[in-house]
Structure formats: C-alpha cells, structure tokens
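# predicted model and sequence below, questions to follow.
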Amino acid sequence: MKVDFHCHTTASDGSLSPIEIIDLALKHDVTTLAITDHDTTAGYEQAVEYATKKGVQLITGVEASCSWNGHTIHIVGLDFDLDNPILQAGLNTIRELRVQRANSMIEKLSDKPHIKIDNLEDKLWALVGEGVVGRGHFSQLLQQEGLVKNGQQAFDRYLKKGKVGHVSCQWPGLEMVVNWITQANGIAVIAHPTIYKFTSNKLNKLINDFKAAGGQAIEVVNQPRHCADINGMAQRAVKNELYASMGSDFHRPEHSWRGLGWLAPMPQTVTPVWDLFREPLQQA
C-alpha cells in the first residue's frame with residue numbers, strides 16, 4: 001500500500017494534468033491518491049473516471065485557503081461529498097478572491113519600470129489557463145522572463161510580504177472553511193504545519209482553534225525521509241487526539257526533492273487519517 005493525500009494538477013498550480021497525475025501515480029505504485037488542488041475540485045472531477053479504469057483509488061480532495069489570526073493557513077479536505085452546495089459555493093468564493101488578488105498584483109508589478117515583462121497580464125492568464133490562479137503562476141512567469149533563477153528568488157524579491165508584488169488577501173476564516181468541509185461529510189486536515197514557522201505556542205493555539213471548529217487531522221508526513229519534524233508532528237497528533245495524514249504536496253516533476261508518493265512511513269504511534277475514510281484503502 002502506498003498513498004499520497006496532497007498533490008496538485010493543472011486545475012490549480014501544478015504542471016501535470018489530472019490524467020498525467022494518475023499516470024505518475026501508477027508509475028510510482030501509488031495505490032490511493034487525493035488530488036488536492038487549491039480551492040477547486042476540478043482536478044478530481046477530471047481524473048476520477050480514468051483513475052477507476054486504471055485501478056488507482058482516488059478520493060475527493062481539496063486544499064482550501066483560510067485566514068487565522070492574520071495568517072494564511074491551508075486546510076486540506078478529504079473524502080467529502082463532491083456535490084455539497086455549501087462547500088462548492090465556499091470554494092467558488094475563494095477562487096473569486098484569488099482573481100481579485102491576481103489583478104491587483106498585475107497592476108502593482110506593471111507599475112514598476114524595472115520589471116520589464118511585455119504583456120504581463122496576457123502571459124499570466126495564459127499560464128493559468130483553466131486553472132486556479134495563485135502566486136506560483138507569478139513565480140513561474142518571473143522565472144520564464146529571466147528576472148529570477150528559481151521560485152525562491154521570485155518570492156524573496158517580488159512576491160512575499162513587504163515586496164513590490166505582494167498583495168494581502170482576507171480569506172474566509174478558519175472556522176468557516178473547516179465547517180464547509182465537515183458539512184460535506186469530509187475530514188479537515190491542517191496542511192504542512194511546519195511551513196508556517198510558528199512558535200510552539202502559536203502552533204498549539206492554531207491546533208486548539210482548528211479542533212474547536214471541528215477539524216480532525218494534521219499532516220504528519222510530508223517529507224521523503226524520517227526527520228525531527230515528523231517526530232514532532234506525530235507527538236502533537238497523539239497529544240491533541242488528531243488523526244495523522246501524509247502527502248507530498250507535489251506540484252511538478254522538476255521539483256526533484258518532492259516526488260509523488262515519495263514519503264517516509266507513517267509513525268506507528270499515530271492513528272492514520274484513512275481510518276476515517278468511508279471506503280477501506282486499496283491494497284497493492
């Protein structure tokens with residue numbers, strides 16, 4: 001059995017189509033997968049028939065943006081009812097906020113004479129295609145135009161808070177987003193908790209508020225090798241009686257440090273999130 005409950009396709013800011021993600025899952029022997037595109041279930045919808053045909057167990061998934069104490073937090077939703085109107089209306093609201101933010105970013109970057117990108121707006125939306133626009137698309141464009149060498153430089157020089165291309169966005173609150181997922185009979189998961197670089201006390205506060213809202217799980221494994229972060233998150237999962245999830249956050253094949261299904265084993269001390277799934281995991 002090999003699983004991955006966090007990955008992205010061209011339906012948001014990944015570089016592979018939903019069909020190509022299923023092919024990659026087959027290549028890497030991933031038996032159960034959740035496509036968790038940003039604020040949309042389109043990736044799942046485009047892949048589910050093909051996944052069934054190819055023998056990959058595909059569960060419903062999404063990575064939803066929310067605000068908590070002035071921070072943007074990502075909540076993964078798993079195994080929810082796809083057609084739930086409350087969840088889908090909420091995700092549509094977030095997508096509209098993303099478009100508004102992107103247009104503001106285009107204006108800010110276009111106003112700076114030292115940022116020379118001809119037809120910036122057209123190029124940006126061509127990159128987005130039918131996907132959900134995100135800062136990753138701006139990063140990709142800055143790289144293609146030769147203004148930066150990699151994604152880290154794009155954020156450090158242009159896109160992160162305090163830089164010329166940064167635009168803050170007030171997403172729906174944590175409690176609201178968790179509620180959308182749980183009302184759709186889904187499982188809410190705190191995505192990549194170490195990425196926020198919170199102090200221990202602040203992370204504890206996030207977990208407490210998340211649990212109070214109805215959240216049930218936290219990503220414990222999102223790295224290919226066992227490490228201190230995995231141990232720490234496993235301990236928090238046990239202490240806070242949260243289920244443990246695992247996902248690579250895969251976006252594109254050129255990210256050689258983050259392969260689909262390339263994950264360390266789940267620690268035996270935790271209760272895995274798939275114990276909550278309505279269908280048992282498919283065995284290899």
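Right, received. Where do you want to start? Model, not experiment: these values are computed from the prediction.
# show me the strands in the stretch 151-284 of the chain, by range?
187-190, 217-221, 243-246 (DSSP state E, counting those that start in this stretch).
# can I get those strands in TSV with distance to Gly14?
Where C-beta positions appear, they are placed from N, C-alpha and C, glycine not excepted. What follows is the strands of the stretch 151-284 of the chain, written out as TSV (distance: least, CB to CB, whole Å):
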stretch	distance to Gly14
strand 187-190	19
strand 217-221	18
strand 243-246	18
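# between those, which one is nearest to Gly151?
strand 217-221 (20.7 Å; CB to CB).
# model confidence for Ala284, exactly?
Among the per-residue scores, Ala284 holds a pLDDT of 59.
# sorry, back to before: and the strands of the stretch 151-284 of the chain as CSV, adding mean pLDDT, distance to Gln46 and mean neighbour count?
CSV is the format used below for the strands of the stretch 151-284 of the chain (pLDDT from 0 to 100; distance: least, CB to CB, whole Å; neighbours: other CB atoms under 10 Å):
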stretch, mean pLDDT, distance to Gln46, mean neighbour count
strand 187-190, 98, 22, 28
strand 217-221, 98, 24, 27
strand 243-246, 98, 23, 25
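# that's a helix at Ile75, yeah?
No - applying DSSP: H, G, I helix; E, B strand; the rest coil, one finds Ile75 to be strand, outside a helix.
# that one - how many residues pack around it?
Ile75 sits with 22 neighbouring residues when counted by other CB atoms under 10 Å.
# who are the contact partners of it?
The contact partners of Ile75, by CB atoms under 8 Å, 6 or more residues apart in numbering, come to 63-64, 66, 174, 177-178, 181, 188-191, 210, 215.
# Arg98 and Lys211: what is the separation?
Computed with CB to CB, to the nearest Å, the distance linking Arg98 and Lys211 is 27 Å.
# hmm, Asp39 and Ile94 touching each other?
Yes - between Ile94 and Asp39 there is a contact at 4.3 Å, judged by CB atoms under 8 Å.
# common neighbours of those two, please.
Residues touching both Ile94 and Asp39 (CB under 8 Å, 6+ apart) are 64-65.
# more neighbours, these two?
Neighbours were counted for Ile94 and for Asp39 using other CB under 10 Å; Asp39 has more, 26 against 21.
# quick one: contacts for that one?
Taking CB under 8 Å, 6+ apart as the test, what Asp39 contacts is 12, 62-65, 91, 94-95, 98, 132.
# let's see it at 10 Å
11-12, 62-65, 74, 90-98, 132-134, 171, 177 (CB atoms under 10 Å, 6 or more residues apart in numbering).
# swap in Pro172?
Contacts of Pro172 (CB under 10 Å, 6+ apart): 64-67, 90-91, 93-94, 97, 179-180.
# pick the one among the residues you listed closest to Ser256.
Using CB to CB, the contacts of Pro172 come closest to Ser256 at Ser65, 26.7 Å.
# could you name the helices and strands sitting against the helix or strand harbouring that closest one?
In this assignment (DSSP states H and E), Ser65 forms part of strand 61-68. For strand 61-68, the helices and strands in contact under the criterion 3 or more CB pairs under 10 Å, 6 or more residues apart in numbering; DSSP states H and E are strand 32-34, helix 42-54, strand 71-78, helix 85-110, helix 174-183, strand 187-190, helix 200-213.
# what about that strand, distance to the chain center?
Here strand 61-68 is found 8 Å from its chain centre; the criterion is CA atoms, centre = their mean, to the nearest Å.
# and for stretch 118-132?
Centre-to-centre, stretch 118-132 and its host chain are 21 Å apart (CA atoms, centre = their mean).
# endpoints of it, how far apart?
From its first residue to its last, stretch 118-132 covers 22 Å (CA to CA, to the nearest Å).
# give the contact list for Val90.
If you look again at residue 90, you'll see it is Gly, not Val. With CB under 10 Å, 6+ apart, Gly90 has these contacts: 39, 64, 66, 84, 172, 176-177, 179-181, 183-184.
# kindly report the same for Met105.
120, 124, 133, 135, 137-138, 158-159, 164-167.
# these: which two are farthest apart?
Using CB to CB, those span at most 18.3 Å, a distance reached by Val133 and Val164.
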